[in-house]
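Trainee: what's the 3D shape of this:
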Amino acid sequence: MVARIVRAPEFGAATAAILLYVFFAIETAGNGFTTVDGTLNWLATASQLGIIAVPVGLLMIAGEFDLSTGSMVGAAAITMGIVCGYYEESLLLGAAIALVVALVTGVVNGLLVTRTSVPSFIVTLATNLILLGLGFAISRSLTQTTQIAIVPEGALADVLGGHIGKFNVSIFWWLAIVAVAAWVLAKRRFGNWILATGGDSENARRAGVPTGRVKITLFICTAVAAALVGVIQAIEFDGGDAATGQGYVFQAPIVVVIGGVLLTGGHGTIVGVVLGTLIYGFVNAGLFYTGWDTNYLSVIIGVLMVIVVLMNNFVRRLALRTVGTGGRR
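Mentor: Got it, this is the predicted structure:
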């Protein structure tokens, strides 16, 4: 039982998450980190990153990357600003157009990756630059600014940018996405296809797995998830900003890797992705409550990424060695 836990892909992330929470709870004793408000703080940070990180995690398990999520957040946010602020149309129309843009972006990314020999890293990095440039150019041509105010009202504003009690609605969106993704990966045939595609795409294709369709579907999921965050942020902050979201370009893959997903694909769990996202939330909120320079956030996350990856690699080699010797030590 203990050996099975230690060999789990998310073991390193779970260990790091527990140690970090305990560290910040002690270091910030009396400053609010462990209070309800403190918990809501790191949950709010983790939830929006987590909405993107979950589909990014599935895509990385399938062996591909999506670095266009950052600009997709900004594109969705500025779309809300243009439609709902500049043209004064409804939030529903703005959100619908933002999601359609994301759908088209996901399809284009997926087709370029599956129909050409260009790596997804390059394809989606190019898409990130294209979306960022288009967001700036279109918003400036219309309003001479990259920030457009909106007035979020009605039921949709409550569903996407409201609160349930003290809890930000984005937390519940994140939990719902986590539940669906975990169910698909563990219980559905599509989940097996994801793992097979990332493990050995060519052999999976020969075995009848529609690897191209799997990848295109996952690229659509990452783009739509990023657009959802952009819509949520536009409603929360009463306006769209074309520059918002750039941090997610690398934050999402980083927390996925911290969560135990292999860069080579074919290995990882949704639990691990959630733990990696929580670690980011702990560190982000913990630095605030300690009063330390928040620039250390990148330092700590970078160090953690190296440590957790090394730990996961060691555990994986140990597991393979044990299997190779028939469990004998």
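Trainee: Leu20 versus the residue nearest the centre of the chain, what's the distance?
Mentor: The central residue of the chain, meaning the one whose C-alpha is nearest the mean C-alpha position (Cα atoms, centre = their mean), is Ala53 at 1.7 Å. When Cβ to Cβ, to the nearest Å is the yardstick, Ala53 and Leu20 sit 17 Å from each other. Using the backbone N, CA and C atoms, a C-beta is placed for each residue, glycine as well.
Trainee: Repeat that for Val151.
Mentor: Taken as Cβ to Cβ, the spacing of Val151 relative to Leu20 amounts to 39 Å.
Trainee: more neighbours, those two?
Mentor: Neighbours per residue (other Cβ atoms under 10 Å) separate Val151 from Leu20, with Leu20 holding more: 19 against 11.
Trainee: got the contact list for the more buried one?
Mentor: Each residue near Leu20 by Cβ atoms under 8 Å, 6 or more residues apart in numbering is listed here: Ile279, Phe282, Val283, Gly286, Leu304.
Trainee: Now, those residues that are in helices?
Mentor: Using DSSP state H, Ile279, Phe282, Val283, Gly286, Leu304 are the members of those that sit in helices.
Trainee: Of these, which is the most crowded?
Mentor: Neighbour counts for the ones in helices among the contacts of Leu20 (other Cβ under 10 Å) peak at Ile279, which has 28 neighbours.
Trainee: Now for it: which residues touch it?
Mentor: Under the criterion of Cβ under 8 Å, 6+ apart, the contact list for Ile279 reads Ala13, Ala16, Ala17, Leu20, Val255, Ile258, Ile301, Leu304.
Trainee: Quick check: which element contains the nearest residue to the first one once chain neighbours are set aside?
Mentor: By the measure of Cβ to Cβ, 6 or more residues apart in numbering, the closest residue to Ala13 outside its immediate chain neighbours is Leu275, 3.9 Å from it. Counting by DSSP states H and E, the element that carries Leu275 is helix 270-290.
Trainee: Make sure Ala252 is actually in contact with Leu49.
Mentor: Yes. With contact defined as Cβ atoms under 8 Å, Ala252 counts as touching Leu49 (6.6 Å).
Trainee: Which one's more surrounded, the two?
Mentor: The residue with the greater number of neighbours, taking Ala252 and Leu49 and applying other Cβ under 10 Å, is Ala252; the counts read 33 against 26.
Trainee: ok, and for the host helix or strand of Ser139, which residues are buried?
Mentor: Element membership for Ser139, per DSSP H and E: helix 120-143. The neighbour-count criterion (16 or more other Cβ atoms under 10 Å) identifies 120, 123-125, 127-128, 131-132, 134-136, 138-139, 143 as the buried residues of helix 120-143.
Trainee: Just send these back as CSV, with distance to His267 and pLDDT too.
Mentor: Listed next are those as CSV, based on distance: Cβ to Cβ, whole Å; pLDDT from 0 to 100:
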residue, distance to His267, pLDDT
Ser120, 18, 96
Val123, 23, 97
Thr124, 21, 97
Leu125, 24, 96
Thr127, 26, 97
Asn128, 26, 97
Leu131, 30, 97
Leu132, 32, 96
Leu134, 36, 96
Gly135, 35, 95
Phe136, 38, 95
Ile138, 40, 94
Ser139, 41, 94
Thr143, 46, 89
